[in-house]
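J.: for reference, the sequence and a predicted model appear below.
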Amino acid sequence: MPKFLVQRWHGMHIVWALVLIFMMTVALAWYQWLLGLLGLVLGGIVAVYGILAEKAFRRDLDDYVLTLSYRIKSVGNDVIGHLPIGIAIFDEDHEIQWHNAYMSTVIGKASIVGESLFASFPVLQPSGKDKEPGHEITIGGRVFELQLKASERVLYVVDITERSTLKKRYEEEKLALGIVMMDNLEEVAQGMDEQQRALMLSKVTGEINEWALKYGLLLRRLSSDRYMVITKQGTLKALEQSRFELLDDVREITIEQKLPMTLSIGFASGSDDVIELGHLVQGSLDIALGRGGDQAVVKFGQRQSFYGGKSNAVEKRTRVRARVIAHALRDLMKESDNIIVMGHKMPDMDAIGAAIGVLKAAQLYGREAYIVLEGVNPSIQRMMDMLKEDEKLMKRFVSPEQALNLIGKRSLAVVVDTHRATMVAEPRLLQATERIVIVDHHRRSEEFIDEAVLVYMEPYASSTCELVTELLQYIHERVVLDMREATALLAGITVDTKSFAFRTGSRTFEAASFLRRNGADSALIQRMLKEDLDEYIRKAELIRHAETFRNCIAIAAADSGKQVPQLLIAQAADTLLNMTGIKASFVIGTRPDGLVGISARSLGQINVQIVMERLGGGGHFTNAAAQLQGTIAEATNKLKQALQELEKEEGLFE
């Protein structure tokens, strides 16, 4: 019997009553002993009765407690056996020793006693690191949560189907915003009369409305060439699964035009803040346009996906944007203490030529300007030999360490021929100033220097040198280039266009004409581009290993034990593209820095940029590259796998 029951306060009144009776009996016996004796007998009877009653109470209480314990144990066993939660107990060898009846319902077997815990629930397989305390599995269309208590060797299985369904429904019904834009309306409609323009717009608008009706999208026109789309996150996933077939449909119905109409689509979801969602969807559209249009970009939380991109960027026929950018760049230069210009790591002639053009623009306004160059690689060796003849120009080339000492908060950092922070010659320079300008002709990738105050990215351009040449014509009233400066700019255009054979437009030739008028020496450029006999033999050795993939794609992999310069890999890819029946070429080799380099080229029927992006690289529609860790064989397998996935998802060719 617990002490608190023996010493309970409510039982003391009996003891005090007996004491009072005894005292009254003694007092009564003082006056009359016979009455006192009678009172003593009666008090004894009351005392005996109280003692017997207390013993009976304790006996009944003990019986009740024993009965209650049995009832609780019985109910507990019944609850554990029929509770809608699976319970399994296992030993130190993870062999199931006991489980309740509900566990049998979950597994679909009468008993799993004696079986391995991991055989019944493979998701619980041990690994080198600690497993998460909870796992979700689906059995028979129901969703269950596994809660493993390793220290107690107990597994709980809880049915969370309703909660999972509600969670899924909540995620699918989140807001998703999109913008659909006709990205080349002015170029396509140029030369059309009003009737033809209205007919074409009617076709495209009808196609967009049918697409919205098919997927249940709320479509609202924002302007003549732009639509706002409001939908749910679940519908956005369906659009991604369809890979935005609207892009192909619109291009096909306008194919009879000299320039088919293309769309750029930006979508965003995954944020509860509508204002933030609006910024994200605009950013997605900007990326789609920066990558050349004719594609969709989806920003889903931290994930960014690209769809389409089967068309080359359309050349803009007007230079209005070039003039606006030139004036903005001029104002930034005037307000800056000095200008630091840098290209990408392992710079080519396009990066060096563009940097020299920006340097010239800064000098026109009397600003101190420097070009960041870490070292001379084979691709720019001959150009640098030419520039060494100009001592004043060579003094403007500084190392990354020197540039870090020169840059300040009011310095202007101009990045040319790249827009990725990890690719610039010295990433720390971007952290040292808030004034950053980007001039690039590559298609925009997921990684981007967001801190830039001025961005001039035109993927239709042949090279960054072409863009810089146009800027020079507007940045100052009278621009007079030195022969070496003009030659460096023209060399960048020549290299990136393969001597004006690829990615050339009317503005490319206009830029080249301006440079020729300023003394650019094309004969000197041809001497810079000459190949050594040893390099030609090494390139031929690379090409000798080529094999065909899908009968029209050439893949050449160098020997695993040999190091090949990146320039040689690129030249081999260019040469392979000239072979009969080859629409695209990929050359793989181990670079001197230990990375495996892949150069990709195409004639425009396949977008090698999206192939390289799947391997962590990027570039242009017809010219791209990637660098991977690992071996030649692993890189080759990854490349073939990416090509197969792309062919399965949306087809390799237009």
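T.: Done, it's in. Residues are numbered from 1 along each chain as shown.

J.: pull the contacting residues for I438.
T.: 415, 419, 449, 452, 454-457 (Cβ atoms under 8 Å, 6 or more residues apart in numbering). From N, CA and C alone the C-beta is placed, and that goes for glycine too.

J.: 6 Å instead?
T.: I438 is in contact with 415, 419, 452, 455, counting by Cβ atoms under 6 Å, 6 or more residues apart in numbering.

J.: thought the second one was touching R443?
T.: No. Using Cβ atoms under 6 Å as the test, H419 is too far from R443 to be in contact (9.6 Å).

J.: farthest pair within the contacts of I438?
T.: Of all pairs drawn from the contacts of I438, the greatest distance, 9.7 Å, lies between V415 and V455 (Cβ to Cβ).

J.: lowest-confidence helix or strand of the chain?
T.: Here the helix or strand of the chain ranked lowest by mean pLDDT, DSSP states H and E is helix 3-6, holding a mean of 53.

J.: number of nearby residues for the residue nearest to K174 when sequence neighbours are not counted?
T.: Leaving aside its chain neighbours, K174 sits nearest to Q233 (4.2 Å; criterion: Cβ to Cβ, 6 or more residues apart in numbering). For Q233, the neighbour count with other Cβ atoms under 10 Å is 16.

J.: tell me which of V415 and V455 has more neighbours.
T.: Using other Cβ under 10 Å, the more surrounded residue of V415 and V455 is V415, with 31 against 19.

J.: pretty sure that one sits in a helix.
T.: No. Using DSSP: H, G, I helix; E, B strand; the rest coil, the secondary structure at V415 is strand, not a helix.

J.: state the distance from it to K360.
T.: 17 Å (Cβ to Cβ, to the nearest Å).

J.: so what's the residue most central in space within the chain up against?
T.: Geometric centre of the chain, nearest residue: R303, 3.8 Å, by Cα atoms, centre = their mean. By Cβ under 6 Å, 6+ apart, no residues touch R303.

J.: can you rerun that using 10 Å?
T.: 270, 446 (Cβ atoms under 10 Å, 6 or more residues apart in numbering).

J.: still on that earlier bit, closest one of the contacts of I438 to A328?
T.: V455 (10.3 Å).

J.: isn't that closest one right next to D286, touching?
T.: Yes. Using Cβ atoms under 10 Å, V455 is in contact with D286, at 9.1 Å.

J.: hang on, the earlier thing: could you verify my assumption that the residue nearest to K174 touches G178?
T.: No. Using Cβ under 10 Å, Q233 is not in contact with G178, being 11.6 Å away.

J.: can you tell me the closest non-neighbouring residue to Y156?
T.: Using Cβ to Cβ, 6+ apart, the closest residue to Y156 is Q147 (4.3 Å).

J.: then D348?
T.: S379 is the one closest to D348 (Cβ to Cβ, 6+ apart), at 5.0 Å.

J.: could you report the neighbour count for the one you found?
T.: 21.

J.: sec struct for it, please.
T.: S379 - assigned by three-state DSSP - is helix.

J.: separation between it and V320?
T.: S379 is 34 Å from V320, by Cβ to Cβ.
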